[in-house]
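Sequence below, structure please.
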Amino acid sequence: MSDGTVTLPWLVVRQDDNGNRYRVGRYATRAEAEKIADSLDGRGHKQLYWVERIGQNGSTVS
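This is a model prediction of the structure:
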């Protein structure tokens with residue numbers, strides 16, 4: 001990371017009742033992303049939240 005950029009490879013994704021998916025945020029660590037996803041999921045709404053990792057080429061990794 002010699003160019004001074006910050007890497008945020010972990011995504012929190014939300015899926016609503018209609019199946020639409022939205023990126024909620026990007027995070028530096030899996031633990032941080034899971035904490036956010038868990039707190040959002042605990043609000044009792046019908047949306048689903050999960051964590052995905054972005055690969056070096058920009059695609060998500062399961």
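
Averaging pLDDT per element, find the lowest-scoring helix or strand in this protein.
Lowest by mean pLDDT, DSSP states H and E among the helices and strands of the chain is strand 60-61, with a mean of 66.

What ranges does this protein have for its helices?
Counting by DSSP state H, the chain has these helices, from start to end: 30-41.

List the contacts of Q15.
21-22, 47-49 (Cβ atoms under 8 Å, 6 or more residues apart in numbering). For every residue, glycine as well, the C-beta is placed using N, CA and C.

Compute the distance between it and V51, please.
13 Å (Cβ to Cβ, to the nearest Å).

same thing with L11?
Counting by Cβ to Cβ - L11 and V51 are separated by 7 Å.

Report the set of residues contacting both of these two.
With Cβ under 8 Å, 6+ apart as the test, L11 and V51 both reach A33.

Buried residues of stretch 28-44, list them for me.
With burial defined by 16 or more other Cβ atoms under 10 Å, the residues of stretch 28-44 counted as buried are 32-34, 36-37, 40.

got TSV for those, with pLDDT too?
Listed next are the buried residues of stretch 28-44 as TSV, based on pLDDT from 0 to 100:
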residue	pLDDT
E32	97
A33	98
E34	97
I36	96
A37	95
L40	92
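
Closest to R26 out of those?
For the buried residues of stretch 28-44, the minimum distance to R26 (Cβ to Cβ) is 8.1 Å, reached by A33.

With adjacent residues omitted, what lies nearest to the most centrally placed residue in the chain?
A centroid search over the chain (Cα atoms, centre = their mean) returns V12, at 1.7 Å, as the residue closest to the centre. Spatial nearest neighbour of V12, chain neighbours left out: V24 (4.2 Å); criterion: Cβ to Cβ, 6 or more residues apart in numbering.
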